[in-house]
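Colleague: Using only what follows, build the 3D model:
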Amino acid sequence: MVTAMNRREQIDIQTLFARHPFARVILDRLGAAGHEAVLIGGVVRDGLRSLWGDDVLYPPVDVDIATSAVPAEIRSLFAGHPIVGVGEEFGVIVIVSPDGRPYEVATYRVEGEYDGRWPARVELVRDLAGDVRRRDLTINGLAATLDGCVIDLVGGIDDLQARRVRAIGDPSVRFAEDYLRMLRAIRFACQIDGDLDGPTAEAISAHAGGLTAISGERIRDELLRTLATPRGCRGVELLDRLGLLAHVLPELGEGKGVPQPEAYHPEGDVFEHTLAAMRVADTFIRDPMVKLAVLLHDVGKPQALVRNEGANMGGHCALGAWQAKRIAHRLRLSRADTGRLTFLVKNHMRIADFPEMGRGKQVLFLTEGEVPDVHPFGERYPRFFELLQVLVADCEASAHRAAGWGPILEETLRVVLHVERVGNLQRARDLVDGHDLSQLGLGDGPEMGRVLGILHDRILAGEIASRDEALAAARSLLRGDHGTFGGH
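Modeller: Numbering: from 1, shown residues only. Take a look at the predicted model:
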């Protein structure tokens, strides 16, 4: 059986098993059958961090187990449970617990003949040491026994205590095996609030071009995981310093050296402003998609400056939204996330005009994407709430600071109260719709859309409160009595 080679650290196994009782069942059953079985990877890493007082989720959502048992032996021992062979050819299966939670159980293995992405050959082995030494980083190579004693074969405990991210073995070999590991190294540096050791950083710089072999989906996942940490800006700076940014988000680099009016942007050029906004975002934004919007909010400025022959950056929001959409496609974002991203980039300046909009237009803007009958502001008006977050990060990273976002927030609170009184666009449509206008003799076409727009705007502004008033207003408008509609 496995013997803990380093007993100076022991994770809180009782708290872990209280949350994940089936993990104990798996370890117990494998051990009773004569197989070695250990907790492996993140559950051990974060168990130690929790023990040392770091702000980390423990017990984690996912618990991974490694064992000397091969898949057929594991299947035999857990025949009464649902089993998914997600990567059985690589020795990985998932056992589903009685409460429906999946647990990944992987046979110890060694790998060889990589193509920069995946191993061409996997050999299942019976010893933990071989399995650990083929992993990427020392802090991810930690294991723990059934009683919580940590097994450290690669110096991961010392690295974790020093907040140091170090590759296992020769970093050039590790990264050449799978170039995505370079992004993982940066992500973990952000996650543990640490830094890369010298040889690891040098190897990343040397192999940066290898990212061109990695799919957009895999790059996307690591980028978003990095942005989800409280140190997303640090991640972007590391990507830039080590030469990876040019292969992940080359559009950001185009902002370097692009000047901005010093009166509004004393922080520097477009790239420096973006980093400053990200530092602010790290303090209060947790959604990585919103952080990605902060990262891309001014991505259209370099192109806008060229189009405007150096006079100004007018139109950069529309150009930025177009570029954000291209980036989203390259990263294989979902249609919903692509829509969120482009909306935030396109409208990050429009929200500054919110206090000057007519009340009806304000209601339409606020309630775009509204989730009715949900009370927390951020959940009821998710798009507008996310846009407010981008606005705050943008303003705080410039000379505007609170003077830029404060008035918008004040007006938002007034509009929210107004919406509670007059209702949303759906209520406006309930009071009068195209069928009603047809009954009044108006045919389909642009004119119907124009009339409905006027009526709905007045309903949202609180000037029309009932269906009778809406129909009377429609008849008046169709008679050409424009004065009734305040100039419309």
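
Colleague: For the protein, which segments count as strands?
Modeller: In order along the chain, the chain carries the following strands (DSSP state E): 37-40, 64-67, 83-87, 92-96, 102-107, 109-114, 119-124, 143-144, 150-151, 164-165, 195-196.

Colleague: Could you tell me which ranges of the stretch 101-250 of the chain sit under the pLDDT cut-off?
Modeller: Under the criterion pLDDT under 70, the flagged ranges of the stretch 101-250 of the chain are 111-123.

Colleague: would you list every one of the helices in it?
Modeller: Along the stretch 101-250 of the chain, the segments classed as helices by DSSP state H, counting those that start in this stretch run 128-133, 156-161, 171-177, 180-191, 198-207, 216-227, 232-241, 245-248, 250-253.

Colleague: For the last one, give me every contacting residue.
Modeller: So that's helix 250-253. The contact list for helix 250-253 (CB atoms under 8 Å, 6 or more residues apart in numbering) reads 236, 240, 245, 246, 271, 274, 295, 296, 299, 323, 327. From N, CA and C alone the C-beta is placed, and that goes for glycine too.

Colleague: what's the most buried one of the helices of the stretch 101-250 of the chain?
Modeller: helix 180-191 (a mean of 25; mean count of other CB atoms under 10 Å).

Colleague: other SSEs contacting it?
Modeller: Identification of packing neighbours for helix 180-191 by 3 or more CB pairs under 8 Å, 6 or more residues apart in numbering; DSSP states H and E yields strand 164-165, helix 171-177, strand 195-196, helix 198-207, helix 216-227, helix 232-241.

Colleague: Return the distance of the closest residue to residue 23 other than its chain neighbours relative to residue 375.
Modeller: The shortest distance from residue 23 to any non-neighbouring residue, by CB to CB, 6 or more residues apart in numbering, is to residue 63 (4.8 Å). For residue 63, the distance to residue 375 (CB to CB, to the nearest Å) stands at 35 Å.

Colleague: Residue 269 now?
Modeller: Distance of residue 269 to residue 375, computed by CB to CB: 42 Å.

Colleague: again, but for residue 64
Modeller: Residue 64 sits 38 Å away from residue 375, going by CB to CB.

Colleague: Looking at the two, which is more packed in?
Modeller: Relative neighbour count places residue 64 above the other of residue 64 and residue 375, with 18 against 6, counting by other CB atoms under 10 Å.

Colleague: For the more buried one, name its beta-bridge partners.
Modeller: Using DSSP bridges, the bridge partners assigned to residue 64 are residue 104.

Colleague: quick thing: my sequence starts at 7, can you match it?
Modeller: Happy to do that; since the first residue is 7 now, the last one works out to residue 70.

Colleague: correct me, but it touches residue 52?
Modeller: No. No contact is recorded between residue 70 and residue 52 when judged using CB atoms under 8 Å, the distance being 11.7 Å.

Colleague: Out of the helices and strands packed on helix 186-197, flag the one nearest residue 266.
Modeller: Across the helices and strands packed on helix 186-197, residue 266 has its closest neighbour in helix 238-247 (18.5 Å, CB to CB).

Colleague: Okay, angle between that closest one and helix 186-197 too, please.
Modeller: Angle between the axes of helix 238-247 and helix 186-197 is 140 degrees (criterion: axes from the mean of the first three to the mean of the last three CA atoms, to 10 degrees).

Colleague: sorry, back to before: among the contacts of helix 256-259, which pair sits farthest apart?
Modeller: So for these, where distance means CB to CB, the most widely separated pair is 246 and 329, at 18.0 Å.

Colleague: which residues sit against the lengthiest helix in the chain?
Modeller: Ranked by residue count and defined by DSSP state H, the top helix of the chain is helix 408-428. Contacts with helix 408-428, where a contact means CB under 8 Å, 6+ apart, come from 357-358, 360-361, 365, 368-369, 372-373, 383, 387, 390, 394, 397-398, 400-402, 404, 465-468, 471.

Colleague: That's all I had, so thanks and see you.
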